[in-house]
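In: Could you work out the structure for the sequence below:
(chains A and B)
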Amino acid sequence: AQSVSQHNHHVILSEAASLELGCNYSYGGTVNLFWYVQYPGQHLQLLLKYFSGDPLVKGIKGFEAEFIKSKFSFNLRKPSVQWSDTAEYFCAVNARGGSYIPTFGRGTSLIVHP
Amino acid sequence: DAGVTQSPTHLIKTRGQQVTLRCSPKSGHDTVSWYQQALGQGPQFIFQYYEEEERQRGNFPDRFSGHQFPNYSSELNVNALLLGDSALYLCASSLFPDRDTDTQYFGPGTRLTVL
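Out: This next block holds a predicted model:
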């Protein structure tokens, strides 16, 4: 079974600062990778996903993530955060050719000060 | 295009009671999955329904059961509620995963509080 580790549980930044949230997974086979975002009072939304191809994936709202297979990592980045990026961010992985049920990390709470 | 909807939004129950939560999938989707999200944690998979049958199940006791209807909507039932069942219950819909590119779409959740 796969597992996901998000090392930063709480991150506080000022507007315009750069963001990088770590995500590492544990699984020996091929995976699909996801980042979801949960804005305050809103439902979980897909930010970006990686299935195959270019390991640098661009998502909505200026976010991107890079899949580094050798490091089992899928870190989320944004060059300049905004107050509206304040949210909970979840990394998830599912096993290709397996159950397709995503396993989620415990999430990173991001607070951006104006 | 209607997204995933869930009802009710909030629910308060007492220990030992039973609860039923409801979910309607995104238009065009035939598979419904249920997750439990405890405070400060990521969603944990409960089970998945397709063609009115439970296809996969996570590590949850038999007190958690479900149903899927012919119109693809689904119910989650929890019997003999415990304080630890207090959580946000999320429903996600997708197309039955016969392709590697399927993605789950989540509803707003039902906040269950057990007193």
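In: Pick out the residue closest to the middle of the chain.
Out: By default, I'm working from chain A. Of all residues in chain A, the one closest to the mean position by C-alpha atoms, centre = their mean is A:W35, 3.4 Å from it.
In: right idea, wrong chain: chain B
Out: B:W34 (2.8 Å).
In: In contact with it, which residues are there?
Out: By C-beta atoms under 8 Å, 6 or more residues apart in numbering or on different chains, B:W34 lies in contact with B:C23, B:F45, B:I46, B:F47, B:Q48, B:G66, B:S74, B:L76, B:Y89, B:L90, B:C91, B:A92. Just so you know, the C-beta spots here come from the backbone N, C-alpha and C atoms, and that holds for glycine as well.
In: and if you look at A:V4?
Out: Contacts for A:V4 (C-beta under 8 Å, 6+ apart) come out as A:C23, A:N24, A:Y25, A:S26, A:C91, A:A92, A:V93, A:T103, A:F104, A:G105, B:G42.
In: Buried members of the residues you listed into PyMOL, please.
Out: In PyMOL syntax, the buried subset of the contacts of A:V4 is picked out as below (16 or more other C-beta atoms under 10 Å in any protein chain shown):
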select buried, (chain A and resi 23+24+25+91+92+93+103+104+105) or (chain B and resi 42)
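In: Take the contacts of A:V4 and lay them out in CSV including distance to A:A1 and secondary structure.
Out: Formatted as CSV, those follow (distance: C-beta to C-beta, whole Å; DSSP: H, G, I helix; E, B strand; the rest coil):
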residue, distance to A:A1, secondary structure
A:C23, 17, coil
A:N24, 15, strand
A:Y25, 11, strand
A:S26, 9, strand
A:C91, 16, strand
A:A92, 14, strand
A:V93, 11, strand
A:T103, 7, strand
A:F104, 13, strand
A:G105, 14, coil
B:G42, 15, coil
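In: export the contacts of A:V4 to TSV and tack on distance to B:S7 and pLDDT?
Out: Shown next, in TSV, are those (distance: C-beta to C-beta, whole Å; pLDDT from 0 to 100):
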residue	distance to B:S7	pLDDT
A:C23	32	97
A:N24	37	97
A:Y25	34	95
A:S26	36	93
A:C91	29	97
A:A92	25	94
A:V93	30	92
A:T103	27	92
A:F104	23	95
A:G105	28	96
B:G42	23	93
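In: Pick the one among the contacts of A:V4 closest to A:K69.
Out: The nearest member of these to A:K69, counting by C-beta to C-beta, is A:Y25 at 10.6 Å.
In: Please name the bridge partners of the closest residue to chain B within chain A.
Out: When scored by C-beta to the nearest C-beta, chain A has A:F104 as its residue closest to chain B, at 3.3 Å. Applying DSSP bridges to A:F104 gives these bridge partners: A:A92.
In: Can you give me every residue that contacts the closest residue to chain A within chain B?
Out: Of all residues in chain B, the one sitting closest to chain A is B:G42 (3.3 Å; C-beta to the nearest C-beta). Each residue near B:G42 by C-beta under 8 Å, 6+ apart is listed here: A:V4, A:F90, A:A92, A:F104, A:G105, A:R106, A:G107.
In: I'd like to know how far the closest residue to A:S73 other than its chain neighbours sits from A:H7.
Out: In this structure, A:S73 finds its nearest non-sequential neighbour in A:N24, 5.2 Å apart by C-beta to C-beta, 6 or more residues apart in numbering or on different chains. According to C-beta to C-beta, to the nearest Å, A:N24 and A:H7 sit 7 Å apart.
In: about what we covered before: quick check: bridge partners of the residue nearest to A:S73?
Out: Judged by DSSP bridges, the bridge partners of A:N24 are A:S5, A:S73.
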